[in-house]
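Engineer: Build me a model:
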Amino acid sequence: MEERRRLGYLDALGVEVWIPRAPASKMATETHPAPPLAEAPAPSVSPRAAAGPIKETLVRLDDTRRSLPTDPDPSRMDWDALAQAVAVCRACPLHESRTQSVFGVGNRAAELMIIGEAPGADEDRLGEPFVGRAGQLLNRMLAAIGLPREQVYIANLLKCRPPGNRDPRPEEVRQCEGYLVRQIELIGPRLILCVGRIAAQHLLRTETSLGRLRGRWLELGETGIPLRVTYHPAYLLRSPDQKAKAWEDLVAVAQRLRAPARDPDQRAPLSSPVK
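Structural biologist: Reported below is the predicted structural model:
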């Protein structure tokens, strides 16, 4: 057997081979030369079996490389590449404590996009935004204006849960911002409903209070997409007396969606408010 191949098989099996430091010609003149390496019995191992673990390791490394985005710029990604980039993102320390990232869910051609602040414990566990008690209330809010959850697209500023459900930090929002911007570009929604103070202030680049932001139509930066701000469903669970104001915001969204694009102020009848 060729010496190099034999050594390769032994190495793959974890068999330690002692090789003299001095050249063979010098070792021949020593009083007690080491046994020639060729005299050691070679184990009976087929090349396929020995090469198996090495090949498997290479395949796994190739799979890992394929899982990483080839282009780190979200602005050039399609849906599949964007979702994969979010799944393996390690741009900020939040990846260390997450169970999984929370990309977004819903109709990718939706007229209405809903944006919250960050995943909670239920979202981190299930990998989908707004699935806990706040999500159930959001579903009822949407149903009250005739919009099933499946017809809208729901996403968050952050794609990973902050530990203890703390507020997102500015540097974390900056790292995630490109993903959300690309989602908005790919969807091209007619309207955006922003739920909660933190999401509203970051999207609108303002420190104005939520109370002063809600109740009127705003625009999202250079996109010019009409944006409405309302209370986060989690806040409404703690402060049910604010549901009437949230209902006003929902009515405004529904009326604008139902009106022709050229006449956004046209009014349409709606059902009763959220219970």
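Engineer: which residues does the nearest residue to R169 once chain neighbours are set aside contact?
Structural biologist: Spatial nearest neighbour of R169, excluding adjacent residues (C-beta to C-beta, 6 or more residues apart in numbering): P162 at 7.6 Å. (C-beta placed from N, C-alpha, C; glycine too.) Counting by C-beta atoms under 8 Å, 6 or more residues apart in numbering, P162 touches L94, A118, P168, R169, E172.
Engineer: okay, now the fourth one: neighbour count?
Structural biologist: The one in question is R169. Using other C-beta atoms under 10 Å, R169 has 14 other residues around it.
Engineer: Could you export the contacts of P162 as CSV, including secondary structure and distance to S101?
Structural biologist: Shown next, in CSV, are these (DSSP: H, G, I helix; E, B strand; the rest coil; distance: C-beta to C-beta, whole Å):
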residue, secondary structure, distance to S101
L94, helix, 9
A118, coil, 11
P168, coil, 14
R169, coil, 17
E172, helix, 13
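Engineer: Are any of the residues you listed buried, and if so which?
Structural biologist: L94, A118, P168, E172 (16 or more other C-beta atoms under 10 Å).
Engineer: between those residues, which is nearest A244?
Structural biologist: Closest approach to A244 among those (C-beta to C-beta): A118, at 26.4 Å.
Engineer: Check whether that closest one really touches R161, as I assumed.
Structural biologist: Yes - here A118 reaches R161: they are 6.3 Å apart, a contact under C-beta atoms under 8 Å.
Engineer: Okay, now the unreliable bits of the stretch 101-250 of the chain?
Structural biologist: Scanning the stretch 101-250 of the chain for pLDDT under 70 picks out no residues.
Engineer: Which stretches in it count as strands?
Structural biologist: Secondary structure of the stretch 101-250 of the chain (DSSP state E, counting those that start in this stretch): strands at 105-106, 112-116, 153-156, 191-195, 218-220, 225-230.
Engineer: and of those, who's closest to L210?
Structural biologist: Closest to L210 of the strands of the stretch 101-250 of the chain is strand 225-230 (C-beta to C-beta; 6.3 Å).
Engineer: contacting residues around that closest one?
Structural biologist: Contacts with strand 225-230, where a contact means C-beta under 8 Å, 6+ apart, come from 184, 189-195, 200, 203-204, 210, 213-214, 217-220, 245-246, 249-250, 252-253, 256, 264.
Engineer: show me what contacts G178?
Structural biologist: Residues in contact with G178 (C-beta under 8 Å, 6+ apart) are D73, P74, S75.
Engineer: Please convert the residues you listed to JSON lines, extending it with secondary structure and distance to I145.
Structural biologist: Below are the contacts of G178 laid out as JSON lines (three-state DSSP; distance: C-beta to C-beta, whole Å):
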{"residue": "D73", "secondary structure": "coil", "distance to I145": "37"}
{"residue": "P74", "secondary structure": "helix", "distance to I145": "31"}
{"residue": "S75", "secondary structure": "helix", "distance to I145": "32"}
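Engineer: Got a PyMOL select line for the buried ones in these?
Structural biologist: Buried residues among those (16+ other C-beta under 10 Å), as a PyMOL selection:
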select buried, resi 74
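Engineer: domain ranges for the chain?
Structural biologist: Domain assignment of the chain by automatic domain parsing yields the ranges 1-25+45-67, 68-258.
Engineer: So which of those is the most surrounded?
Structural biologist: Comparing those by mean neighbour count (mean count of other C-beta atoms under 10 Å), domain 68-258 ranks first with a mean of 18.
Engineer: tell me the helices in the stretch 151-275 of the chain, going along the chain?
Structural biologist: For the stretch 151-275 of the chain, helices defined by DSSP state H, counting those that start in this stretch occupy the ranges 170-187, 197-204, 210-213, 233-238, 243-258.
Engineer: of all the ones you listed, which lies closest to L142?
Structural biologist: helix 243-258 (8.1 Å).
Engineer: With just CA atoms, put the closest one into CSV.
Structural biologist: Only the C-alpha atoms of helix 243-258 are listed here, as CSV (Å, rounded to 0.1, in the frame of the first residue of the first chain):
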residue,chain,number,x,y,z
LYS,A,243,-59.6,50.6,23.0
ALA,A,244,-62.0,53.3,21.8
LYS,A,245,-59.1,55.3,20.5
ALA,A,246,-57.6,52.3,18.9
TRP,A,247,-60.9,51.6,17.2
GLU,A,248,-60.8,55.1,15.7
ASP,A,249,-57.4,54.4,14.2
LEU,A,250,-58.7,51.1,12.7
VAL,A,251,-61.7,52.8,11.2
ALA,A,252,-59.5,55.3,9.5
VAL,A,253,-57.3,52.5,8.1
ALA,A,254,-60.3,50.6,6.8
GLN,A,255,-61.9,53.6,5.2
ARG,A,256,-58.7,54.5,3.4
LEU,A,257,-58.3,50.9,2.2
ARG,A,258,-61.8,50.8,0.9
